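[1] Sequence and computational prediction follow.
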Amino acid sequence: MILNKKTTFQNYAASKSLRSTKQRDIILDVFLSSHQHLSVEELYLKIKSAHPGIGLATVYRTLKLFAEAGVAREILLHDGQTRYEQMSSGEHHDHMVCTACSTIIEFEDETIEKLQKEIAVRHGFSIKSHKLEVYGLCSNCSK
Amino acid sequence: MSSQGTATPTLKGLKNEKNTYCGDARSRQEHNIQASCKKGEHHFKLSWDKNPGSKRGFNVDGQEAELIDIPGTYGLTHQYENEIVARMILIDEKPDVIIQVADTKNLKRMLAFTGQLAEFRIPLVLALNMVDEADQMGVKVKRHVLEGMLGTVVVETVATDSVGIEALHTAVSRAKVPLFPVRLTPVLTEIISSLEKMMSEEIKSRHALTSLYLADSDETSEWATEKGCMKGDKAVAIYRADARLLFHKPLDRVLSEARENTAGKIFQESTYMIPIRSTPLMEKIGDYARGPVSGIVILFMVMIALYYIVGQFAAGFVVDFMMKNVFGEMIGTPLNAVVGLIPYPFIREMIMGKYGLYTMGLVPSLGLVLPILIAFYFTFGFIEDSGYISRLSILLDRMFKKLGMNGKALLPIMLGFSCVSMATIATRVLETRKERLIAIFLLSLGIPCSAKLSIILVILAKVSFGAFLTVFGVIFSLMIVSGVILSKMLPAETSQFIMDVPPIRIPSLRNVLKQTYHRSTSFVKEALPLFFAGAISLFILDKIGFLALVERAMSPVIQGFLGLPERFAESLIMGFIRGEAGVAILQQLVDAGTMNSRQLVVAMIVTILFIPCVTNFLLVIKEHGSKAAFAIIASVTACAILTGGAMNQILNYFNIVY
């Protein structure tokens, strides 16, 4: 799976005539191995300790490239930070976001997906994409 | 708004202390954090001042302290004039203590601003003003809890009733730098810390300058770089660029949301709400005042009340009494006899002649303008104190938008009825240059200042209601048409209209009387010398033949086109040099009975439309440059003459008599 995503990105970079750089490879490795929804800052801090030479701007630009390449998806959250999650084609899920600790929980529910399609048909609307974010407190923060 | 007298606080042990008074916009309109200063007692007097940034010196028991008035504001990062001035004062003046005057009803928002002020690392006193209104709304503050959380002194005040003033003045010496922990992401915190380290340790407000540096506005950012002595440092620009990468929102927003989060927590811990009773009658009236139909009905009722109180009672009955009985028989007759004993005709004429100090100085100012002004300030004070003005702004916002402005323009327009020069300065509350130019044009065109308004109302009291409708109908229509045309001619959009709506309440008679007294005495102190100066100027100009020259030169226009007596030219020219002088001449023309009702209508229209005084002209040059000022003068003069001439022709053609 990770290898597939690496290949996807490399192909994208080649199509855009972008040089393959070690820094981008490192960022990609760390991103793909984390399985989390990471902000620019969080990924930068993860990389910084082992690779202090990689700057914040480089991490930012590289994440943008990942999103363009279809390897990552941007999620714009309420706290102003953009988070990135790994994306696989055809896969879809929604998010619950804890406003206290910023934990993000992915979920999928067929009933919700079906309901959205029915509503779209009722309004003569053709869906291209959708996202659902539910904000509240996670079980830990609710206590 | 009246300016207050000098203050004599006692701030023991605060030698050479500088205190900065930093009020929110609404609190300041309540103005008067004041108490009377009595000999031997320790009282503190803070006042809202007409000139923000002005300093007051205090000298008590040999201790010196300086109080600086900051414009009311809710923030410090934007390029609005009040925010620019506020942050300049906080950085350049290096105050020792900040007194934040907060509106207790909006404490959460006020606390967010406290967070911004805390970044300056200057000891702060938080004055929770208008606690009485907060109380009415069920907002209760646990003052000790709030003090503990902020780590500095909090005082509850009701400024208009002088409640809490003594506690406020003793609090100043106990002020500390407020605690306001703000949660930011680790990298942003690191960036801010790095930027702070780049500034000299002597700069106390490094943290504040860093926040301002990270502001969205490039101008604010550049200013902060200069003040932090970081100009030209490339690393600084990289830090800012990096910080922006972290968020998809502007950094301003990120920082202010972080402060709001902390403010929210402090607010939650330190306040509680008591459910208030079902909507009282006054709140219902307040809602009706904003309604599109009910609001207009209420507005008409208010205008009719103004017409009868100011226009009929004051301008008619009271002025008649003052002019005939007081200044005529009681003072005039014996004074005439006394002056008659002076052996020098020149001196006699200078006192009691056509342009005498008494006839053209004292009598018009105290006998004509002052009674009307008192009535106007009294009724306006009632309207103001009730909270109706903000609802009226909302009601009229749609109309103002058609004229290229928004509801905020109501304040300068209403101030124009007192003094057009003051109103010109007040146009600074409008956000865009387009709005300010349109407001200034309309003020110059159709809003008569108190002096002009007084004589207009006196004349109107002598003529029919039909004349009143004609005059104000013409003026109002012209203003609407001009506003619409200007709005289309000038580029740029109108700004957003956001206004704080205070609770509607029964006006306090004590407050209104106090305001009326202060405003009226200010007028007498400022305007009386000007009336005398106007009289002397007229006397001299008459003696040297200048006035006769003016009359002859303008005769084709005045007599031929406008159909008015020759002397009306003097009234216009002198009115430009000094409004009061023009009014005095017009009053003499009216009293002499040389104009018929048609001429009176034309005279009123031209007087209102004609350019305001030279002070206003100079202010417009200062605010918007000479090109704009001359353009306004030329168009307003042309409008006045052409409209007057047209009305003269129309009224004569249709043989209309009032």
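    Structure received. Treat the numbers as computed from the prediction; the structure is a model and nothing was measured.

[2] Quick check: mean pLDDT of stretch A:106-125?
    For stretch A:106-125, the mean pLDDT works out to 92.

[3] Off-centre distance for it?
    How far stretch A:106-125 lies from its chain's middle: 22 Å, per CA atoms, centre = their mean, to the nearest Å.

[4] State the helix or strand in which B:Thr77 lies.
    For B:Thr77, there is no enclosing helix or strand under DSSP states H and E.

[5] Going by neighbour count, which residues in the helix or strand B:Leu478 falls within are buried?
    Per DSSP H and E, B:Leu478 falls inside helix B:465-489. Under the neighbour-count criterion of 16 or more other CB atoms under 10 Å in any protein chain shown, helix B:465-489 has B:467-468, B:470-472, B:474-475, B:478-479, B:482-483, B:486-487 buried. For the C-beta atoms, the positions are set from N, CA and C on the backbone; glycine is no exception.

[6] in the stretch 1-150 of chain B, which segments are predicted with low confidence?
    Applying pLDDT under 70 to the stretch 1-150 of chain B flags the ranges B:1-64.

[7] can you give me the strands in it?
    B:17-23, B:55-60, B:63-70, B:97-103, B:124-129, B:139-141 (DSSP state E, counting those that start in this stretch).

[8] What of chain A?
    For chain A, applying DSSP state E gives strands covering A:38-39, A:72-76, A:82-86, A:94-98, A:104-107, A:133-136.

[9] now these as a markdown table including mean neighbour count and distance to B:Asp252?
    Putting these into a markdown table (neighbours: other CB atoms under 10 Å in any protein chain shown; distance: least, CB to CB, whole Å) gives the following:
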| stretch | mean neighbour count | distance to B:Asp252 |
| --- | --- | --- |
| strand A:38-39 | 24 | 19 |
| strand A:72-76 | 17 | 17 |
| strand A:82-86 | 21 | 17 |
| strand A:94-98 | 18 | 23 |
| strand A:104-107 | 13 | 26 |
| strand A:133-136 | 11 | 22 |
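
[10] Export those as CSV, with columns for distance to B:Ile266.
    Conversion of the strands of chain A to CSV gives the following (distance: least, CB to CB, whole Å):
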stretch, distance to B:Ile266
strand A:38-39, 27
strand A:72-76, 29
strand A:82-86, 29
strand A:94-98, 22
strand A:104-107, 28
strand A:133-136, 23
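
[11] The residue most central in space within chain A bridge partners, please.
    Residue closest to the average C-alpha location in chain A (CA atoms, centre = their mean): A:Glu85, at 2.1 Å. For A:Glu85, the beta-bridge partners are A:Arg73 (DSSP bridges).

[12] Read off the pLDDT value for it.
    For A:Glu85, pLDDT reads 90.

[13] So which elements touch the helix ranked longest in chain B?
    Criterion DSSP state H: the longest helix present in chain B is helix B:509-543. The contact analysis (3 or more CB pairs under 8 Å, 6 or more residues apart in numbering or on different chains; DSSP states H and E) places helix B:509-543 against helix B:345-352, helix B:370-386, helix B:546-555, helix B:568-577, helix B:579-591.

[14] Next, work out how far apart B:Asn648 and B:Leu586 are.
    17 Å (CB to CB, to the nearest Å).

[15] who's more crowded, the two?
    Ranked by neighbour count (other CB atoms under 10 Å in any protein chain shown), B:Asn648 and B:Leu586 place B:Leu586 first, with 28 against 22.

[16] list the contacts for that one?
    Residues near B:Leu586 by CB atoms under 8 Å, 6 or more residues apart in numbering or on different chains: B:Ile455, B:Phe568, B:Ser571, B:Gly575, B:Ala603, B:Thr607.
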